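Enquirer: Predicted coordinates and the sequence they were generated for:
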Amino acid sequence: MTIGAVLIVKNEEAMLDRCLKSLAGFDEIVVVDTGSADKTCEVARKYTDKVYEGEYEWDDNFAKARNYALSKATTDYVLSIDADEYLGEHGLLKMRAIVEARPEMKSFDVILKDEKSGSTHNFPRFFKRCKEMYWKGAIHNYTSIPGETRTNVEIVYGTSPAHQLDKERAFRILKKYVSDNPRCVREKFYLAREYGYRGLWQECAQWYENYLLVGDFPQETGEAYYRLACAYQNLGEYGKAREACVRSLMVNADYSLPIMLLAYLTGPKNKERWLLFSETAMNNDVLFAPGSREQGAEYYDNIFKRDTTFERYDEIHDRIVELVGTDKVVDAGCGNGRLLNRLGPDSIGFDFSEEGVKQAGPKASFGNVYDYNYPAGYGVVMTEVIEHVDDIKAIERIPTGTKVILTAPSFVDPSHVRFYTKKSFLRRLGHLFKDVTFEFFYWDKKWTRNHAYTNDYIMLIQATRK
C-alpha cells in the first residue's frame with residue numbers, strides 16, 4: 001500500500017518549501033505547475049523528480065487542473081494538498097493506519113485548520129486512487145465521492161501571497177462557470193458571496209435566492225439564508241431580512257450570526273435578549289464558523305480601493321486623537337492610515353491588507369492581530385477591528401497593563417463577526433480589562449455624539465488590559 005501527494009502550483013516560491021517539508025516520507029510527490037513566473041519549480045525539484053512544468057495550460061478551471069495532476073499519480077492512495085498548506089504532525093503515520101483499518105473505503109475527510117484563527121472543518125482530501133474518484137467544480141472544488149469517514153489527519157492552511165496576483169480570479173471563474181452551466185448548484189452560492197464581498201447587494205440577493213431554489217446541503221443553505229438576510233438588510237428590505245434569518249435558524253438553530261442579526265432587526269427592546277441567546281449558540285455544523293470568519297485581505301483591499309476617505313469617522317478620530325495626545329500608540333488594524341497619520345510622530349500601525357498598508361504610508365507595516373508583537377511602552381488603538389475578528393484572541397495579544405482605546409459597533413454588517421451593546425461587551429470581554437469607560441457616537445450620516453435618535457451607535461471604549 002503506497003501513499004502519494006499531489007499538488008497544483010503557480011508562483012508559490014514563498015510557500016512551497018514549508019508544504020513539501022511536511023510531506024517527508026511519502027512514496028511519491030506529484031507537482032504540476034500551471035504557469036509560474038518565479039522559482040516554484042526549482043523549489044519543488046528539491047523534494048521530488050515528478051515536477052511537470054510547461055505541460056499544463058491553465059484555463060481557469062481548478063478541477064480540470066487537479067484531475068490532470070491526479071492522472072500523473074501512481075500510488076494506491078493520494079493526499080491532495082495546496083502550496084499554502086502543510087500536513088500536521090504524524091500525518092503520514094495516521095493515514096497508513098486509517099487505510100489499513102478501513103481498506104473498503106475510498107474517501108476520507110481530514111481536518112482543515114486555519115493557521116491564523118485555529119478554526120477547523122472537515123473535507124475529503126485523502127482518497128483511494130481509482131476511476132470513480134475525481135475533482136468537480138471550476139473553483140471551490142469538491143470530490144466525486146464525499147468523505148466516507150472522518151479522520152484525525154490534519155492539514156493546516158494559510159494564505160499565499162500568490163493570491164494577490166489575480167484578485168479577481170474567483171469572481172471571474174464563477175461568473176463564467178455559472179453562465180456556462182446554468183443548472184449548477186454550489187457555484188451559485190459562491191458567486192453570491194463574491195457579489196456580497198463587493199457590496200453589490202441586489203446581485204448578491206438574486207444569486208442567493210437562485211441558489212436556495214436548488215441547494216440541499218444544510219451547512220450551505222443555512223449560511224446562504226443568513227447571507228441573504230445581510231443582503232436584504234443592506235438593501236433596506238428589513239422584513240425579508242428577518243424572514244431569511246428565521247429560515248437560517250430553521251436549518252441550524254445553533255448558528256449565532258442570524259440570531260445577532262435578529263437582535264439588530266427586531267428593535268432595541270429585543271436586542272439584549274437576542275444577544276444573550278446568540279452567546280449560547282455553539283455554531284456546530286456551521287460552514288463558516290464565527291470567530292474564524294474574518295474576511296480575507298482581498299475583501300479589505302477592495303474596500304480600501306472603493307473608499308479611501310472614511311470621513312464618516314472624523315469625529316470619532318478627533319476624540320481618539322484628543323485622548324491619545326502625544327503618547328506613543330500602535331494603531332492595530334490601521335487600514336488606510338487615516339487615523340494613524342493624525343497620531344503622534346512616534347506612533348506606528350499595522351494591517352493585514354496590502355492595499356491598506358500601501359495607503360497608510362511609512363508608519364504602517366504588514367501584520368495581523370493574532371500574531372503581532374506589541375512593543376513595550378506603547379498604548380494600543382483598535383478601531384474597526386474587534387467586530388471583524390476573533391475578539392478574545394486579538395485582545396489577549398495585548399500586554400498586561402497596556403492602555404487601550406477601541407471601538408465596538410452596535411450593528412451588524414456582512415463583514416462583522418459580532419456586534420456589541422455595553423452589557424454584551426462587558427459580558428464577553430470584561431474579564432480582559434479594568435477601568436473600563438464608554439462614550440457613544442450615533443449615526444447621522446456620520447458618527448456624532450450630538451443625539452441618540454437611532455439604534456445604530458459605536459461605543460468608544462477606554463480601558464486597561466488586565
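Expert: Thanks, I have it.

Enquirer: What strands line up against the helix or strand encompassing Val30, and which way round?
Expert: Following DSSP states H and E, one finds Val30 within strand 28-33. Next to strand 28-33 in the sheet, as set by DSSP bridges, lie strand 3-9 (parallel), strand 51-52 (parallel).

Enquirer: Other residues contacting the first one?
Expert: Under the criterion Cβ atoms under 8 Å, 6 or more residues apart in numbering, residues 16, 19, 23, 26-34, 36, 40, 44, 62, 65-66, 68-70, 72-83, 92, 95-96, 99 lie in contact with strand 3-9. All C-beta atoms are positioned from the backbone trio N, CA, C, and that covers glycine.

Enquirer: Any idea what Tyr442 is bridged to?
Expert: Taking DSSP bridges as the rule, Tyr442 bridges to Thr448, Tyr457.

Enquirer: remind me, longest helix of this protein?
Expert: helix 218-234 (DSSP state H).

Enquirer: That one - contacts with which helices or strands?
Expert: helix 186-197, helix 201-212, helix 238-251, helix 256-265 (3 or more Cβ pairs under 8 Å, 6 or more residues apart in numbering; DSSP states H and E).

Enquirer: Tell me which of those sits most buried.
Expert: Among these, ranked by average contacts under mean count of other Cβ atoms under 10 Å, first place goes to helix 256-265 (a mean of 26).

Enquirer: Could you figure out how far that helix is turned away from helix 238-251?
Expert: Note on geometry: by axes from the mean of the first three to the mean of the last three Cα atoms, to 10 degrees, helix 256-265 and helix 238-251 are set 150 degrees apart in direction.

Enquirer: How far off centre is helix 256-265?
Expert: 20 Å (Cα atoms, centre = their mean, to the nearest Å).

Enquirer: by contact count, what packs against it?
Expert: Using 3+ Cβ pairs under 8 Å, 6+ apart, the elements in contact with helix 256-265 are helix 218-234, helix 238-251, helix 268-280.

Enquirer: Helix 268-280 and that one, what's the angle between them?
Expert: Going by the same axes, to 10 degrees, helix 256-265 makes 170 degrees with helix 268-280.

Enquirer: Let me see the mean pLDDT of helix 256-265.
Expert: Averaging pLDDT along helix 256-265 gives 92.

Enquirer: and it, C-alpha only, in PDB?
Expert: Only the C-alpha atoms of helix 256-265 are listed here, as PDB (Å, rounded to 0.1, in the frame of the first residue of the first chain):
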ATOM      1  CA  SER A 256     -25.100  32.600  16.300                       C
ATOM      2  CA  LEU A 257     -24.900  35.100  13.400                       C
ATOM      3  CA  PRO A 258     -28.600  35.100  12.300                       C
ATOM      4  CA  ILE A 259     -29.500  35.400  16.000                       C
ATOM      5  CA  MET A 260     -27.300  38.500  16.200                       C
ATOM      6  CA  LEU A 261     -28.800  39.900  13.100                       C
ATOM      7  CA  LEU A 262     -32.300  39.500  14.600                       C
ATOM      8  CA  ALA A 263     -31.000  41.400  17.600                       C
ATOM      9  CA  TYR A 264     -30.500  44.300  15.300                       C
ATOM     10  CA  LEU A 265     -33.600  43.900  13.100                       C
END
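
Enquirer: Okay, angle between that helix and helix 218-234 too, please.
Expert: Counting by the same axes, to 10 degrees, helix 256-265 lies at 20 degrees to helix 218-234.

Enquirer: what sits against the nearest residue in space to Ser160 that is not next to it in sequence?
Expert: Leaving out its chain neighbours, the residue that sits closest to Ser160 by Cβ to Cβ, 6 or more residues apart in numbering is Asp84, at 3.7 Å. For Asp84, the contacting residues are 12, 15, 19, 157-160, 162, by Cβ under 8 Å, 6+ apart.

Enquirer: Okay then, goodbye and thanks.
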